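Peer 1: Sequence first, then the predicted structure, then my questions.
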Amino acid sequence: MIVATAGHVDHGKTSLVKRLSGVDTDRLKEEKLRGLSIELGYAFLQAEAGFNIGFIDVPGHHRFINTMISGVCSVDLALVVVAANEGPMPQTIEHLEVLRLLGVDQYVIVITHIDKIDVSERSEIAEALLASIQTHIPMASAPSFVVSNVDGAGITELKQFLVKTAKNLQDKPERGYFRLSIDRVFHLQGSGLIVTGTSISGGVSVGDHLTLLPENKKVRVRSIHSQNAKTQYGRAGQRCALQLTGIKKSDLKRGDWLNGGSGVLASHCFNARLTVSKSLPFTVKHLSKVKIYIGAKRQAAKLYLLEESARTTGLVRDATVLVQMIVETDIDCCWGDRFLLRDSSESTTIAGGIVLEPRAEQARAKNKEALGYLQAMGFPTFDQMLTELLVNRREALNTAHFMSICNALPQDFEAALHSAKLATRIHHFRMNGQDFCVLDDVWASSQKTIVELVECCYRDSQNVDGVPTDHLRVKCLAKLQGRDKESLLEAALADLVNSSLLKRVSGRVLLPAVEPVVTAQEARDWELISTILSQYQAQIPTLSDLLESLQLSREALQSALMGAVKDGRVYKISTTRFLLSDRLNHFVQSLTTLFETQGMFSVADARDHLALGRNSCVDLLEYFDQVGVTRRDGDKRVVLTGRLLDRT
């Protein structure tokens, strides 16, 4: 169990931890001289063999509130310390609000300095203090203890309670990859480079390789101390000290993350749900500059309000709103991570938040469907969220992407489907190298919609040429729902074609018994054009290149190309460059592989990997930016989903 202190300066937090654990957490010379905590302090109470309690002692002075915030993320219980001779003070209330906004829901009230109160008044004063503090705690009735750090009165009872609580505390599930936010970095003589932090998911073993984020550097775990004991394995919910190799101390900073996943990436944008502070003294406007605290990291960010009503009113006290955080530099976060917002001057706590969608696309006004998707991501458990997305919203989920943003392993995903009683109701499909899942009845309904629309178009027009793919797509998408409905549509249509229930010819969709009308000259022209297009490897041909290679007039070539673009046989990626659809999809999959292998990539990286000339590569990447396959971030790019619709 991890316990954090909270309370005003000089109310006895450090002395209380020393009484409980025997450790003085004020280790700095300045802390000794000034008699107050400046940095986070750490101590452990050895309850019994193989079992102990970790304490994080936070500074109480208002000037060190930022340090306090970094210490209370991911704790199990808060010790709210209040001096009997002073009562709740401003930092007491601020600390309690910070804890509430970060989702801490277990509290113990400890009244200290009772030795400074006359014996005859102690009971009455303690009762009054408890009543005043309880109004700020999100528990119906928090346990309370009256202690003296001077003579030790009440310490034994408090210690016994903490040990009993820790023994009854359920272990945190080891779902997902190991993740730890670094809160200390130091060299230990005889051991080497050490980092510490609280593990919030998964587990780590000696010899494991981890990724340091956002730097995206690989490190190796040489040894582990978990809950103050040397071990071969550390897991979620424990204080861990890891000895690392393969990196220098100068490469590590407080707030960096260690992640056990492969191909994981940090991001500068994520979508979230905010709960605004009850004591916010002013309105926070759309696009305000703020400071964000997540894990042990603090940095500047911009607040983008996704809901129209919130953009009109701004953030107001005790409201709950959907937002996008645009962070100054990349951070690592996953679904369910808690964070705190303060104003840009770091003087006022604005809100607490929970991450719903990491690595989000750049903010823009969200439509009702997109906001509904984010609200579904706000369900508290994995299986509840899957039920809302798959059953109630009838979404098609990109499983690899979904598991990545939720830090879930394949077995975690399957377990959640079983828990939600969905495992036998799921249809899996693959589109453009990506795996998806959808409810069986949603898949069947999608295919029925496609066939009915093709039949309707034929019945109404008797058009033997079939339905243009783009026309069919527009009609179908209007009837489907979900954020990945385009992938669902393309996969369902492809399956119908493979099953011979429909036909695709020259960018049109036909009923099996219907043959399109194509003139002999059109067929010969297209055969020549497609042959020449397929021969270009080191560059993407322009209209001029094709004219030089073909004995066709400019008018005939342009007419054939525009028809092929409309039908989906060819993509026009710039004002003059054209690509066959299968070649373009090849480039998508190749860039996806590059991205999964090395992370963000430059134009030069893409050029070398794709074996293209620079001009062709630049035009291709700019096209991918426009259609949402990639996103540019400075002079580098990321692949968003690796999807490109098959329009042929």
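Peer 2: Done, it's in. Numbering: from 1, shown residues only.
Peer 1: what sits up against stretch 592-609?
Peer 2: 216, 263, 265, 433, 590-591, 612-614, 617-618, 620-621, 633, 635-639, 642 (C-beta atoms under 8 Å, 6 or more residues apart in numbering). Every C-beta, even on glycine, is put in place using the N, C-alpha and C of the backbone.
Peer 1: I'd like the secondary structure assignment at Arg583, please.
Peer 2: Of the three states, Arg583 takes helix under DSSP: H, G, I helix; E, B strand; the rest coil.
Peer 1: what pLDDT does it get?
Peer 2: At Arg583, the pLDDT value in this model is 86.
Peer 1: That one contacts Ser534, doesn't it?
Peer 2: Yes: counting by C-beta atoms under 8 Å, Arg583 touches Ser534, with 7.2 Å between them.
Peer 1: and the two? which has more neighbours close in?
Peer 2: Higher neighbour count among Arg583 and Ser534: Arg583, with 16 against 12, using other C-beta atoms under 10 Å.
Peer 1: ok, now which ones touch the more buried one?
Peer 2: 533-534.
Peer 1: re the thing from before, show the buried residues in the contacts of stretch 592-609.
Peer 2: Using 16 or more other C-beta atoms under 10 Å as the burial test, the contacts of stretch 592-609 include 216, 265, 591, 612, 617, 620-621, 637-639, 642 as buried.
Peer 1: closest to Ser446 among those?
Peer 2: Gly642 (21.3 Å; C-beta to C-beta).
Peer 1: can you pull the pLDDT of that closest one?
Peer 2: At Gly642, the pLDDT value in this model is 50.
Peer 1: Could you shift the numbering so residue one becomes 4, and keep it that way?
Peer 2: I'll keep to 4 as the first residue from here, and by that count the last item is Gly645.
Peer 1: ok now the helix or strand hosting Phe627, how far from the chain's centre?
Peer 2: Using DSSP states H and E, Phe627 sits in helix 617-630. In terms of C-alpha atoms, centre = their mean, to the nearest Å, the centre of helix 617-630 is set 27 Å apart from its chain centre.
Peer 1: Next secondary structure element downstream of it?
Peer 2: Moving toward the C-terminus from helix 617-630, the next helix or strand (DSSP H and E) is strand 633-636.
Peer 1: in that next one, what's buried?
Peer 2: Of the residues in strand 633-636, those buried (16+ other C-beta under 10 Å) are 633-634.
Peer 1: got the contact list for whichever helix or strand comes after that strand?
Peer 2: Following strand 633-636 in sequence order, the next helix or strand is strand 639-642 (DSSP H and E). Strand 639-642 is contacted by residues 268, 362, 594-595, 598, 602-605, 609, 624, 628, 632-634 when judged by C-beta under 8 Å, 6+ apart.
Peer 1: can you check stretch 249-262 too?
Peer 2: For stretch 249-262, contacts defined as C-beta under 8 Å, 6+ apart pick out 73, 180-190, 196, 198, 200, 213-218, 220-223, 245, 269, 298-302, 334-335.
Peer 1: from memory Gln302 sits against Lys294, does it?
Peer 2: Yes: look at Gln302 against Lys294 with C-beta under 8 Å: they come within range, at 7.1 Å.
Peer 1: Compare neighbour counts for the two and give me the winner.
Peer 2: Set Gln302 next to Lys294 and count neighbours by other C-beta under 10 Å: Lys294 wins out with 19 against 14.
Peer 1: my hunch is that that one is in a strand, does that hold up?
Peer 2: Yes: under three-state DSSP, Lys294 falls within a strand.
Peer 1: bridging residues for it?
Peer 2: Bridge pairing for Lys294 (DSSP bridges) gives the partners Ala303, Arg345.
Peer 1: Double-check it against Phe342; I have them as touching.
Peer 2: No: using C-beta under 8 Å, Lys294 is not in contact with Phe342; the gap is 10.6 Å.
Peer 1: Now Ser537: closest residue in space, sequence neighbours ignored.
Peer 2: Take Ser537 and drop its neighbours on the chain: the residue closest to it by C-beta to C-beta, 6 or more residues apart in numbering is Leu583, 6.2 Å away.
Peer 1: so how many other residues sit close to the one you found?
Peer 2: 18.
Peer 1: ok, now which ones touch it?
Peer 2: Counted by C-beta under 8 Å, 6+ apart, Leu583 has contacts 533, 536-537, 572-574.
Peer 1: if you set the cut-off to 10 Å instead, what comes out?
Peer 2: By C-beta atoms under 10 Å, 6 or more residues apart in numbering, the contact set of Leu583 is 532-533, 536-537, 539, 567, 572-574, 589, 651.
Peer 1: which of these count as buried?
Peer 2: 532, 536, 539, 567, 572-574, 651.
Peer 1: Need the single longest helix in this protein, by residues.
Peer 2: Taking DSSP state H as the assignment, the helix of the chain that covers the most residues is helix 443-464.
Peer 1: and that one, what does it pack onto?
Peer 2: strand 429-434, strand 437-442, strand 470-471, helix 472-480, helix 488-501, strand 511-513 (3 or more C-beta pairs under 10 Å, 6 or more residues apart in numbering; DSSP states H and E).
Peer 1: so how far is that helix off the chain centroid?
Peer 2: Its chain's C-alpha centre and that of helix 443-464 lie 36 Å apart, by C-alpha atoms, centre = their mean.
Peer 1: just the strands in the stretch 254-403 of the chain please.
Peer 2: Secondary structure of the stretch 254-403 of the chain (DSSP state E, counting those that start in this stretch): strands at 260-262, 270-279, 292-297, 300-308, 323-334, 341-346, 352-360, 400-401.
Peer 1: by contact count, what packs against the third one?
Peer 2: In other words, strand 292-297. helix 68-75, strand 270-279, strand 300-308, strand 323-334, strand 341-346, strand 352-360.
Peer 1: If you compare the directions of that strand and strand 323-334, what angle comes out?
Peer 2: With axes from the mean of the first three to the mean of the last three C-alpha atoms, to 10 degrees applied, the angle from strand 292-297 to strand 323-334 works out at 80 degrees.
Peer 1: quick one on the thing from earlier: any shared contact partners between Lys294 and Phe342?
Peer 2: Jointly contacting Lys294 and Phe342 under the rule C-beta under 10 Å, 6+ apart are 72, 304.
Peer 1: still on that earlier bit, can the contacts of Leu583 go into a markdown table with extra columns for pLDDT?
Peer 2: Listed next are those as a markdown table, based on pLDDT from 0 to 100:
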| residue | pLDDT |
| --- | --- |
| Ile532 | 81 |
| Ser533 | 81 |
| Leu536 | 82 |
| Ser537 | 83 |
| Tyr539 | 82 |
| Ala567 | 76 |
| Arg572 | 79 |
| Val573 | 83 |
| Tyr574 | 85 |
| His589 | 87 |
| Thr651 | 43 |
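Peer 1: Report the helix or strand with the lowest average pLDDT across the protein.
Peer 2: helix 32-37 (a mean of 53; mean pLDDT, DSSP states H and E).
Peer 1: pLDDT wise, what is the residue nearest to Ser537 at?
Peer 2: Among the per-residue scores, Leu583 holds a pLDDT of 86.
Peer 1: Look up phi and psi at it.
Peer 2: phi -70, psi 150 (degrees, to the nearest 10).
Peer 1: Does it have any beta-bridge partners, and if so which?
Peer 2: Beta bridges link Leu583 to Val573, judged by DSSP bridges.
Peer 1: quick one: it from Gly258, how far?
Peer 2: 47 Å (C-beta to C-beta, to the nearest Å).
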